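Undergrad: Pasted the sequence and its predicted model underneath.
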Amino acid sequence: MKKPIYLDYNATTPLAPEVIEAMRPFIEEHFGNPSSSHWYGNKPKRAVEKAREQVAGLLQCAPEEIIFTSGGTEANNHAIQGIAWAMRARGSHIITSAIEHPAVLEVCRFLAPLGFEITILPVNDQGLIDPGDVQRAIRPETSLITIMHANNEVGSIEPIAEIGAMARDKKIPFHTDAAQSVGKIPARVDELNVDLLSIAGHKLYAPKGVGALYIRRSCHPEKFCHGAGQERGLRAGTENVMQIVGLGRACALASQNLARHRTKMQMLRDRLFTAISSQVPEVRRNGPIEKVLPNTLSISFKGVTADGILDQIADEVAASAGAACHSDTVEISHVLQAMHIPDEWAKGTVRFSVGRMTTEDQIDQAAAAVITAVNKLWDEPGPIARK
Ligand SMILES: Cc1ncc(COP(=O)(O)O)c(C=O)c1O
């Protein structure tokens, strides 16, 4: 059976061939514990340190400022809980946004009944945060600001550098969840003015289950995982060497090819939108036109549901819904709700995300499948279209 065309790179990416090659010796041969002082520990230890340098190279920070984690979720948990507890004496007010990934919002929700006050900032209809809102939300007891670099659903790129400058001025630690941006757009910590930044390996052609947290030298979150002294004592546990090596290689690849990949993805994404919008009359694009990830296209089709479209194209294209159907209701994503996308559009929202492996041919085939599906659903009687 022919596989559907994969247009869901924001959900996860395949491993880059170079990443597989870099990992192979650590799967097949170099099994030693990096903490061992004998021969078997040497190569794994050096490999972990090389990977740390590669991640630091992409973010333009010092290798000592990187700790490895099990992914974006853990990095966010560590940053938010770690700073919340470390800053407790100063205050317990946290500022975040309504469009964060659950790996941020749920951490804040967990902290709320423990005595932390959470301010959740709104976004505009393009999914952008107003730095003025951040400024107005800051209080003497604000102990952390956490705002994502780029949104996973609509691709909006937030004004991180501006917010970071404000945070620094008030000496408030500033964290950004950069799971979706790293590898797609520049994410240099000094340009972004961030103190903590989360990375998820599987969004940039490294394996699932590995990530990293950048922690500025001047920033001291509580340790996340208690145990032996790995990762500067902040995250105990024997290092996941093979995956860390994969993440390092993926970051090195991203450093070398960022501009080229960015231009290609942008061209493919725009080709997809142009093809669809030229054939489907009632379609709208969500998110900003300029401040948006180069690979992300969130589009809404009026009068049909996202699940209806995805069902129709399931054999040809794999993409994600912005709204999910449950028996007779449709649950619209918290991001689209925060952007106040009208329900009749939001229900029919599909996210297409292209990647390095996407070809022009795939885009043309995917566009044709979507056009056929939407037109077919529009021709169906109401109940089917609204399935
Ligand atoms: C913005 C954002 N943050 C965090 C995560 C979670 O990362 P992980 O799957 O590595 O835990 C994701 C993954 O979908 C994401 O898109």
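TA: Structure received. Numbering: from 1, shown residues only.
Undergrad: can you pull out the helices in the stretch 1-150 of the chain?
TA: 17-28, 39-59, 72-86, 102-111, 131-137 (DSSP state H, counting those that start in this stretch).
Undergrad: The ligand: which of the ones you listed is closest?
TA: Of all those, it is helix 72-86 that lies closest to the ligand, at 2.5 Å by C-beta to the nearest ligand atom. Placement of C-beta: from N, CA and C, glycine included.
Undergrad: thinking again about what came up before, would you turn the helices of the stretch 1-150 of the chain into TSV with mean neighbour count and mean pLDDT?
TA: Below are those laid out as TSV (neighbours: other C-beta atoms under 10 Å; pLDDT from 0 to 100):
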stretch	mean neighbour count	mean pLDDT
helix 17-28	16	98
helix 39-59	19	98
helix 72-86	24	98
helix 102-111	18	98
helix 131-137	16	98
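Undergrad: Which one, of those helices, ends up nearest to residue 294?
TA: Go through the helices of the stretch 1-150 of the chain one by one with C-beta to C-beta and the one that ends up closest to residue 294 is helix 39-59, at 16.4 Å.
Undergrad: List of residues touching that closest one?
TA: Here helix 39-59 makes contact (C-beta atoms under 8 Å, 6 or more residues apart in numbering) with 26, 30-35, 62-63, 65-66, 68, 182-183, 187-189, 197, 199, 212, 214, 239, 241, 244-245, 247-249, 251-252, 254-255.
Undergrad: Go again with 7 Å.
TA: 26, 30, 32-35, 62-63, 65-66, 182, 187-189, 197, 212, 214, 239, 241, 244-245, 247-249, 251-252, 254-255 (C-beta atoms under 7 Å, 6 or more residues apart in numbering).
Undergrad: Buried subset of these as a PyMOL selection?
TA: Command for PyMOL, covering only those of the contacts of helix 39-59 found buried under the criterion 16 or more other C-beta atoms under 10 Å:
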select buried, resi 26+30+32+34+65+66+182+187+189+197+212+214+239+241+244+245+247+248+249+251+252+254+255
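Undergrad: Out of the contacts of helix 39-59, which sit inside strands?
TA: 66, 197, 212, 214 (DSSP state E).
Undergrad: pLDDT value on the closest residue in space to the second one that isn't next to it in sequence, please?
TA: If I follow you right, that is residue 197. Excluding the flanking residues, the one nearest residue 197 by C-beta to C-beta, 6 or more residues apart in numbering is residue 214, at 4.2 Å. Note on residue 214: pLDDT of 98.
Undergrad: Could you report the separation of residue 214 from the ligand?
TA: 14 Å (C-beta to the nearest ligand atom, to the nearest Å).
Undergrad: who's that residue bridged to?
TA: Residue 214 has the following beta-bridge partners by DSSP bridges: residue 66, residue 197.
Undergrad: Use 31 as the first number from now on
TA: Sounds good: first residue 31 from here, last item residue 244.
Undergrad: Residue 220 is in contact with that one, correct?
TA: No. Contact criterion C-beta atoms under 7 Å: residue 244 and residue 220 do not qualify, at 10.8 Å.
Undergrad: re earlier: dump the residue contacts of the residue nearest to residue 227.
TA: 89, 91, 95-96, 219, 226-227.
Undergrad: List the buried residues for the strand or helix carrying residue 399?
TA: Using DSSP states H and E, residue 399 falls within helix 390-409. Under the neighbour-count criterion of 16+ other C-beta under 10 Å, helix 390-409 has 392-393, 396-401, 403-404, 407 buried.
Undergrad: do the same with stretch 264-273
TA: 264-265, 269-273.
Undergrad: What of stretch 308-327?
TA: Per 16+ other C-beta under 10 Å, stretch 308-327 contains these buried residues: 310, 313, 315-318, 321-327.
Undergrad: Can you flag which of those belong to strands?
TA: Per DSSP E, the buried residues of stretch 308-327 map to strands at 313, 315-316, 326-327.
Undergrad: Residue numbers of the chain in contact with the ligand?
TA: 101-103, 131, 133, 178, 182, 207, 209-210, 230, 232, 241 (C-beta under 6 Å from any ligand atom).
Undergrad: Need those in TSV (columns: distance to residue 250).
TA: Putting the residues of the chain next to the ligand into TSV (distance: C-beta to C-beta, whole Å) gives the following:
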residue	distance to residue 250
101	23
102	22
103	22
131	25
133	22
178	23
182	29
207	20
209	23
210	27
230	24
232	29
241	20
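Undergrad: And the furthest pair within these?
TA: Among the residues of the chain next to the ligand, 178 and 232 lie farthest apart (C-beta to C-beta), at 16.9 Å.
Undergrad: Can you pick out the residue with more neighbours from those two?
TA: Per other C-beta atoms under 10 Å, whichever of residue 178 and residue 232 has more neighbours is residue 178, with 27 against 23.
Undergrad: For the residue nearest to that one when sequence neighbours are not counted, give me the backbone phi and psi.
TA: Leaving aside its chain neighbours, residue 178 sits nearest to residue 207 (4.3 Å; criterion: C-beta to C-beta, 6+ apart). The phi and psi torsions at residue 207 (degrees, to the nearest 10) take the values phi -90, psi 110.
Undergrad: Relative to the ligand, how far out is residue 372?
TA: 25 Å.
Undergrad: Next, count neighbours for that residue.
TA: Neighbour tally, residue 372, other C-beta under 10 Å: 12.
Undergrad: now do residue 361
TA: Residue neighbour count, defined by other C-beta under 10 Å, stands at 12 for residue 361.
Undergrad: what does residue 146 give?
TA: Using other C-beta under 10 Å, residue 146 is surrounded by 21 other residues.
Undergrad: Check the one 10 residues further on too.
TA: Around residue 156 sit 16 other residues, with neighbours defined as other C-beta under 10 Å.
Undergrad: ok, it - contacts?
TA: With C-beta under 7 Å, 6+ apart, residue 156 has these contacts: 186, 317-318.
Undergrad: Ok, residue 234 next?
TA: Per C-beta under 7 Å, 6+ apart, neighbours of residue 234: 43, 212-213, 280, 284.
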